[in-house]
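**Q** here's my sequence, what's the structure:
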Amino acid sequence: MMGRCCSSIPPLNPSELKQFQTINGLQHLAEGRRFKAWFLDQFGVLHDGKQPYPGAITTLEKLASCGSKMVIISNSSRRASTTIEKISSLGFNPALFLGAITSGELTHQYLLRRDDPWFAALGNYCIHMTWSDRGAISLEGLGIQVVDNVEEAEFILAHGTEALGLPSGEALPKTLEELNRVLGQCAAKKIPMVVANPDFVTVEARALRVMPGRLYNLCNVLPHLTLMMD
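**A** Below is the predicted model of the structure:
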């Protein structure tokens, strides 16, 4: 969901301000055991999508040895279990983490339960924007029927920016411009949109990959018809 800015924040009284504390790295915080839980982003923090950043694995192992409980939080459109598998494949010990919270997992759960009025009103026929080279995202178990005809669609589900999901379950590679044209048709019909990853870009090795948040920025979908899962 999109956050809101507030321009009427009252100024703090100088007496209410706490002095800054200088620390000598994460080890200083971990050994102090002041913080019981650590919430860690993954892309651009632990790894670059292809390999861990230097020292990331040993740092987490040292945090764990000090009793720190760690949870991965991510705007990834993939489910939590897939995130843990990804971390493991890069050399991180999955046992170091209590689990993961991702935008993709929240999207899946809301679509599964339908106990939120906004999601309950979406319907079951969707235009699915997903991944191709990065691996398409399955909608199995959600009771959703993917359609490739805007006239049949009741909502748009944006998991990725590389392909258009087909009723067969396969993914048809598409350029960003082609997806934008589909979005334009959907916007003209005021079809609601769920964006499973609000990021505009993410790191992948030395390159930047366009993320689903960019799709929202490209099209003219009305803001009140779009839900950004973050």
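**Q** these two touch, right, Ala56 and Gly44?
**A** No: using C-beta atoms under 8 Å, Ala56 makes no contact with Gly44, being 11.2 Å away. (Each C-beta comes from the backbone N, C-alpha and C, glycine too.)
**Q** contact partners for Ile57?
**A** Neighbour list for Ile57: 91-93 [criterion: C-beta atoms under 8 Å, 6 or more residues apart in numbering].
**Q** which phi and psi does it have?
**A** phi -70, psi -50 (degrees, to the nearest 10).
**Q** between Ala56 and Gly44, who's got more neighbours?
**A** In this view Ala56 and Gly44 are compared by other C-beta atoms under 10 Å, and Ala56 has more residues nearby, 18 against 12.
**Q** now the helices for the protein?
**A** 26-32, 56-65, 80-89, 103-113, 117-120, 176-188, 213-218 (DSSP state H).
**Q** give me the low-pLDDT residue ranges for the chain?
**A** For the chain, residues meeting the criterion pLDDT under 70 lie at 1-20, 218-228, 230.
**Q** re earlier: and the helices of the chain: which comes nearest Leu40?
**A** helix 56-65 (7.9 Å; C-beta to C-beta).
**Q** export the closest one as PDB, just CAs?
**A** Provided in PDB are the C-alpha atoms of helix 56-65 (Å, rounded to 0.1, in the frame of the first residue of the first chain):
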ATOM      1  CA  ALA A  56      27.900 -10.800   4.600                       C
ATOM      2  CA  ILE A  57      27.800 -14.500   5.400                       C
ATOM      3  CA  THR A  58      30.400 -14.300   8.200                       C
ATOM      4  CA  THR A  59      28.700 -11.200   9.600                       C
ATOM      5  CA  LEU A  60      25.400 -13.000   9.900                       C
ATOM      6  CA  GLU A  61      27.100 -16.000  11.500                       C
ATOM      7  CA  LYS A  62      28.700 -13.700  14.100                       C
ATOM      8  CA  LEU A  63      25.300 -12.000  14.800                       C
ATOM      9  CA  ALA A  64      23.700 -15.400  15.300                       C
ATOM     10  CA  SER A  65      26.500 -16.400  17.700                       C
END
